[in-house]
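Colleague: Okay, sequence plus prediction incoming.
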Amino acid sequence: MNFYAIRAIYLFEMARTGRTLLQSVVSPVISTCLYFVVFGGAIGSRITAIDGVTYGAFIVPGLIMLSLLMQSITNASFGIYFPKFTGTIYELLSAPVSYVEIVLGYVGASATKSLILSFIILATAGLFVPLQIAHPLWMLLFLVLTAVTFSLFGFIIGLWADGFEKLQIIPLLIITPLAFLGGTFYSIEMLPPVWQTVTLFNPLVYLISGFRWSFYESSDVGVGVSLAMATLFLATCLVVVWWIFRTGYRLKT
Amino acid sequence: MQSIIAVSELSKVYASGFQALKSIDLDIRPGEIFALLGPNGAGKTTLISIICGIVNASTGGVTVAGHDIRRDYRVTRAMIGLVPQELTTDAFESVWNTVSFSRGLFGKPANPRYIEKVLKTLSLWDKKDDRIMTLSGGMKRRVLIAKALSHEPRILFLDEPTAGVDVELRQAMWEVVRSLRDSGVTIILTTHYIEEAEDMADRIGVINNGELILVEDKNELMRKLGRKQLTLQLHDPLDTIPDKLSAYGLELAAGGVELIYTYDTQGEPTGITALLGELQQAGIRFKDLNTTQRSLQEIFVSLVKKPA
Ligand SMILES: Nc1ncnc2c1ncn2[C@@H]1O[C@H](COP(=O)(O)OP(=O)(O)OP(=O)(O)O)[C@@H](O)[C@H]1O
Ligand SMILES: [Mg+2]
């Protein structure tokens, strides 16, 4: 293992966040605050409690997940796309580093960043609604699993993208709708039966549901199922990354 | 002498179907400066990129110090430093950070004193805290060299290191290259300034259309392919070359006051003695004479112009 290389990549990526602190941290925090003002305060006060949880509190896990997903994807996809774009990738390709080390560096940094951000949002949420976390370890497990999985996913997007539009299109066209329709703002029991079934094909339902369970012990699907699905996504992303590197896809000509 | 880099039957066909390298065989000797010449698109960068691990070979193989570049990539890549042709640098990083980053990437523990030495040698020390985007092109080029040297490589590839670098800086750069060579580093460079190859290189390779058409010791090359010209400054200008001298293929220049004789240094005899004798007989007097060797530039042009 080339630990110096993993460290170098990791610190390089973390320093990049440091430079763009405003976009990386401040803007997600502000948008979360806005969600709370609008949905938690203004609208939420007129919505009845779901499973005994006030609406403001109910949306906290979903909002954290939403930011976590978006940030993981953005961090990791930009992290690897940028060197491809500027050409500095030559150095990475000519260095004595294995693919595992490259992934550890980039995905590790991306996951770290989005985890830190999740905690900041959690703390921000605590200012608006009383928080209770029934199973902190489960919560942590879901956070880490999701951060790593979607950082890997972002990494894949970054490798695949050959333009800035492509970089933004997947989070925008796929992740945002799936996250909104995945039970961030409602319990899927509130949907008509047909849509409840359709929703079960939305992978994010399982992540949000499991994560919410770790807070309030109420969930749309069993926590075991959520965990299994989260692990499955992680495995899928790992396989795809492994295949990409094996074939040199879009990295080497 | 065992070669430090051995390229054998190396070919590259790009995804577009374009064959950039055609069965290249090349041995680089430890400690030499090897200059790779060739017109635009000849395949120089492709060859370097394959050896460094940036481009996959289609067929054939490369070993570095006896290690296969694919199987033992950790060993071979750790030995190599690369200065790419394009000025590709980070923008927002400081000089110091980007050079330290390279060292870490190549698996070496931090060594601020060594980095300091490298930056000082390349006259970058006073820029160490500046962001790379604020540097001039020539400075960025030196940052790339510093990055390539950051992990103390045994082999250094310089892909057109002097493109866009002013004369003074170019001299300084070659000083660095010479001192690296003196410390035992093997250097492979490409350049379009042929005088540079003539000045710097121990051996020269010429690549054209993906084929290595020549690899020679520089001095040997200049001797073998070199032609010399004898220029005679005449006392009285000539209108025409006397018929008696037509066998020598002489040319008149400078309004008839210069007589030029081109001969092959390999030729035995060169014909100089005979020519001078006949000139005397013809009553043509000269006040001065000098000889010039054909430059590598001309040798090169004549090589790559040859129809394939
Ligand atoms: N990624 C690629 N896909 C397809 N063709 C390529 C690719 N990279 C290079 N080529 C082609 O391969 C040939 C050799 O390119 P290369 O960059 O090795 O030339 P070079 O000798 O370095 O030229 P120059 O002096 O201009 O730097 C060129 O014809 C080029 O168009
Ligand atoms: Mg080139």
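Modeller: Perfect, I can see it now. For clarity, every value in this text was computed on a predicted model and none was experimentally measured. Numbers count the residues shown, from 1 in each chain, chains lettered A, B, ... in the order given. Ligands and ions are numbered 1, 2, ... in the order given.
Colleague: Now whichever residue of the stretch 101-250 of chain A sits closest to ligand 1: which helix or strand?
Modeller: Closest to ligand 1 within the stretch 101-250 of chain A is A:Arg250: 11.8 Å, counting by CB to the nearest ligand atom. Glycine gets a C-beta too; all of them are placed from N, C-alpha and C. Following DSSP states H and E, one finds A:Arg250 outside all helices and strands.
Colleague: measure it to chain B for me?
Modeller: Distance of A:Arg250 to chain B, computed by CB to the nearest CB, to the nearest Å: 11 Å.
Colleague: pLDDT at the nearest residue to that residue once chain neighbours are set aside, what is it?
Modeller: Nearest non-adjacent residue to A:Arg250, counting by CB to CB, 6 or more residues apart in numbering or on different chains: A:Leu159, 5.4 Å away. Looking at A:Leu159, its pLDDT stands at 91.
Colleague: Any idea which residue of the stretch 151-253 of chain A lies closest to ligand 2?
Modeller: A:Thr253 (14.2 Å; CB to the ion).
Colleague: Quickly find the element holding that residue.
Modeller: If you go by DSSP H and E, A:Thr253 is not part of any helix or strand.
Colleague: ok, the residue nearest to it when sequence neighbours are not counted to A:Glu91 distance?
Modeller: Spatial nearest neighbour of A:Thr253, chain neighbours left out: B:Val55 (5.5 Å); criterion: CB to CB, 6+ apart. B:Val55 is 14 Å from A:Glu91, where distance means CB to CB, to the nearest Å.
Colleague: More neighbours: which of those two?
Modeller: A:Glu91 (25 against 22; other CB atoms under 10 Å in any protein chain shown).
Colleague: On the three-state scheme, that one is what?
Modeller: Here A:Glu91 is recorded as helix under DSSP: H, G, I helix; E, B strand; the rest coil.
Colleague: okay but it is in contact with B:Arg103, surely?
Modeller: No - using CB atoms under 8 Å, A:Glu91 makes no contact with B:Arg103, being 11.3 Å away.
Colleague: related to what we said a few turns ago, and the pLDDT for the residue of the stretch 101-250 of chain A closest to ligand 1?
Modeller: 73.
Colleague: Measure how buried it is and give me the count.
Modeller: 13.
Colleague: where does the stretch 151-253 of chain A have low pLDDT?
Modeller: The stretch 151-253 of chain A contains no residues with pLDDT under 70.
Colleague: residues contacting the closest residue to ligand 1 within it?
Modeller: Per CB to the nearest ligand atom, A:Thr253 is where the stretch 151-253 of chain A lies closest to ligand 1, at 4.4 Å. Listed by CB atoms under 8 Å, 6 or more residues apart in numbering or on different chains, the contact set of A:Thr253 reads B:Tyr14, B:Ala15, B:Val55, B:Asn56.
Colleague: Does the residue nearest in space to the middle of chain A lie in a helix or a strand, and which?
Modeller: For chain A, the residue nearest the mean C-alpha position is A:Leu69 (2.0 Å; CA atoms, centre = their mean). Per DSSP H and E, A:Leu69 falls inside helix A:55-86.
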